[in-house]
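A.B. asks: fold the following, please.
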Amino acid sequence: GSYTQAGLRRRKPASGQQQQQSYYRSAAGPERRIVSHTHTHSSSSSSSSSRVGGWWGRTKSRIREAFEDAAAWLVHMLCIVGLWLLKLCMMPLRAVFGPWYQYNRHIKEQQRELLAEQQLDLSDLHTVLGALPSWLTGIGGATEKLTWLNQMLAQIWPVLDPVVCQLIRSTVEPMLDDMKPPFIAAMGFQKLTLGELPLELEGIRVVGGDYQGKAGRSDSPAGGQRAAIAAAAADEDDRIELEIDFRWVGEPNISFFVELAMAGPYTRMVPKLSHLTARGTVRLGLTRLVPQLPGFGAIMFSMARTPQVKFSLDFGPALGGKFTAKPVAAFLDPFIRDTLANLLVWPNRFVVPLLPRNVTGNLDDLTLHSQGVLEVEVISARHLPKKGGAFSTVDPQVELWTQPQHHVFTSVKKSSRNPNWGQKHELLVQEPDSQLLRVILNDIDMLNVKELLRVNLLKGAANLLRSARPIGRAALPLRDICNKPFERQEMEVRLSSSEWAYELGVLDEGDESTLNLALMYKPFMDLDAASTKPMSAKGVLFVDVRQCEDLPAGDYAGGSSDPYVLLKVAGQKQQTIVAPNTHSPVYNAHYEFFNVQAQDVLTVQVWDKDSLKPDDLLGQVELPVTAIIDWSQGGKRGWRDGWWKLKGGRRGRKEGDFGRIEMKVQFRPY
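C.D. replies: Numbering: from 1, shown residues only. Next up is the predicted model:
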């Protein structure tokens, strides 16, 4: 084909350059033919090679497909074997959990039938579902919502604000004046308003009775226990007990004035109380039920437990800066946080009469009265934790109380995680059926190195010496103990590191610290004035020091006095506050003396406080306990309320002219 094409090209007429190109093609003709024959031979060789390559490719493809089929079959067989082995392994689990699954399925079928056939109340619905939805919680339970009352309280809050503030001022300011430290000359409220945000009532419940017993179980695990305790505290025929949960996050304007003793008004500071929040439970007792509106004659007001109070003190540009503000804060902070917060914690109460006395009768029995003595023997403690590392030590001390204002302490045991005490203490019991014994086990640091290393030493001065770090705590109901008087009952108490163990059913499972106690309740003996039954020779002596009159001058003739009263009996001493610059001081102080014997003598002394010389005795009176036992007043034996003349005081006055003192003295044997 190449040759014929070349020949045809030669026959064409050509001229010039085209003829020269044709010549060259003719000259190259034989070579092109040779190349063409060579290419034909190569094409035949490559065709045979292509046949062999195609066969080998098809063979490899078949081999690859065979391997893929074998691998797929192997994976399929492995899956079958795996499923069979899994089924074999599940047979024991089915044997174990199969009945449980069938039982749950049966229970659910019964629950569905119950829901379809019956009308359920909230307690039954709680049992069926295990937990109520949030929009049903509290409806029909022990605690009910008070939305309507909160709306009403918000409207009348501007009217209640000045009334409540006046009540707070009249109650707290005398306490501040009595309890202020020596370096403070005067203290009180500078401003006192509660702000525009009212108190929020979160819920109310009736304590005691069948309703509380049923609803308490659906409200919380501790509802039944709280109901039992409070039901025993309330006389079902003459009292209705209510508990109201409250929360207050207000914006009050509360500020104090503090005048230091060095220069009076020239050192006045005005600390402001800010970021105040409070939360707690109020207990209301509607008592003296009568057939006359409102249906009850008096209200008993108290706190079910210590409220949670948070605040901060702002001194602003105080005189002397932090050096004067910190000591004042060291007194004011615990006064507000502890003293005021525990002022009305049960059994303390405030009684408000609503109807005349001729309708309600005598309300004196509603006030706080001691019913007996609780003897507490602290035996030992075990498994106390070390909170300061592997090389730390524990110096434990036990603190006990039944009333917030009266605490007793054991001795401090050095470097012991399993201390033994064997010490006895006595505490008064006012409400045997509902009162709690509170116990705190503290780790005492005689010298707190952390506070010593502070940059501002005054900030940590209160915790520098004998600082106490709580290890565990417990709150024990006394009902079962008091139901068995004069019976010694030993118990091992689990201590909780966070909350009060045993209070409302709270108990931390992770805490291992225990405290061994022995408790005995000794009720008081009350004898009528006409009774000839002999009294016990051992008991508690109660002394209320009210006031003194016409005291002599202690400093110089015609001058004034700074009197205080010192009481001594059975090796025990107690002292009133110092009343400055007066001959007729008013104290209104209450004191208790335990383990008083019939042969003891109560000595009452009035002293004049002096700074630069020994105190002067202004007068005294001695009262034998045997004489107190024989006294009778108000139809009862063993007490007297009246005036006593002071004798044997400061020289320069005639005999019997040393003034007089008003007291109430009562001996309660057990």
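A.B. asks: return the residues in contact with Tyr521.
C.D. replies: Taking CB atoms under 8 Å, 6 or more residues apart in numbering, we find Tyr521 in contact with 372-375, 429, 432, 478, 481-482, 484-487. Where you see a C-beta, it was placed from the backbone N, CA and C, and this is true even at glycine.
A.B. asks: tell me the secondary structure for it?
C.D. replies: strand (DSSP: H, G, I helix; E, B strand; the rest coil).
A.B. asks: against Ala185, how distant is it?
C.D. replies: Distance, Tyr521 to Ala185, by CB to CB, to the nearest Å: 45 Å.
A.B. asks: on that earlier part again, what about the contacts of Tyr521, which are in helices?
C.D. replies: Among the contacts of Tyr521, the ones falling in helices (DSSP state H) are 481-482.
A.B. asks: okay, and Ser274 sits in which element?
C.D. replies: strand 272-289 (DSSP states H and E).
A.B. asks: chain center to that strand: distance?
C.D. replies: Averaging C-alpha positions (CA atoms, centre = their mean, to the nearest Å) puts strand 272-289 15 Å from its chain's average.
A.B. asks: report the buried residues of whatever helix or strand comes next after it.
C.D. replies: Moving toward the C-terminus from strand 272-289, the next helix or strand (DSSP H and E) is strand 296-303. For strand 296-303, the neighbour count (16 or more other CB atoms under 10 Å) marks 296-300, 302-303 as buried.
A.B. asks: which strands border the helix or strand following strand 296-303, and is each parallel or antiparallel?
C.D. replies: Heading C-terminal from strand 296-303, the first helix or strand you meet, by DSSP H and E, is strand 308-314. According to DSSP bridges, strand 308-314 has the following sheet partners: strand 272-289 (antiparallel).
A.B. asks: could you list the buried residues of the strand it pairs with?
C.D. replies: By neighbour count on 16+ other CB under 10 Å, the buried set for strand 272-289 is 272-273, 276, 278, 280-288.
A.B. asks: Leu194 reaches Pro252, doesn't it?
C.D. replies: Yes. Under the criterion of CB atoms under 8 Å, Leu194 makes contact with Pro252 at 4.9 Å.
A.B. asks: the residue nearest to Arg479 when sequence neighbours are not counted: neighbouring residues, count only.
C.D. replies: Distances taken as CB to CB, 6 or more residues apart in numbering place Asp433 nearest to Arg479, at 5.2 Å, with adjacent residues excluded. Around Asp433 there are 18 other residues, counting by other CB atoms under 10 Å.
A.B. asks: gap between stretch 82-101 and the chain center?
C.D. replies: Relative to its chain's centre, stretch 82-101 lies at 49 Å (CA atoms, centre = their mean).
A.B. asks: what average pLDDT does that stretch get?
C.D. replies: Mean pLDDT, computed over stretch 82-101, is 81.
A.B. asks: and stretch 386-396, by the same measure?
C.D. replies: Mean predicted confidence for stretch 386-396 is 71.
A.B. asks: tell me the contacts of Asp314?
C.D. replies: Asp314 neighbours (CB under 8 Å, 6+ apart): 271-272, 274.
A.B. asks: now Leu313: how far from Ile254?
C.D. replies: Taken as CB to CB, the span from Leu313 to Ile254 is 10 Å.
A.B. asks: intersection of neighbour lists for those two?
C.D. replies: Contacts common to Leu313 and Ile254, judged by CB under 8 Å, 6+ apart, are 272-273.
A.B. asks: who has more neighbours out of the two?
C.D. replies: Ile254 (21 against 17).
A.B. asks: how far does whichever strand or helix holds the more buried one sit from its chain's centre?
C.D. replies: Using DSSP H and E, Ile254 maps to strand 253-260. Relative to the centre of its chain, strand 253-260 is centred 28 Å away, using CA atoms, centre = their mean.
A.B. asks: contact partners of it?
C.D. replies: Contacts for strand 253-260 (CB under 8 Å, 6+ apart): 183-193, 195, 265, 267-273, 276, 324, 328, 332.
A.B. asks: go with 7 Å
C.D. replies: Applying CB atoms under 7 Å, 6 or more residues apart in numbering, the external contacts of strand 253-260 come out as 183-193, 195, 265, 267-273, 324, 328, 332.
A.B. asks: ok, Val206 touching Glu243?
C.D. replies: No. Contact criterion CB atoms under 7 Å: Val206 and Glu243 do not qualify, at 8.3 Å.
A.B. asks: where do the contact lists of these two overlap?
C.D. replies: By CB under 7 Å, 6+ apart, no residue touches both Val206 and Glu243.
A.B. asks: circling back: pick out whichever of the buried residues of strand 272-289 sits closest to Glu202.
C.D. replies: Proximity of the buried residues of strand 272-289 to Glu202, judged by CB to CB, is greatest for Thr281, which lies at 9.4 Å.
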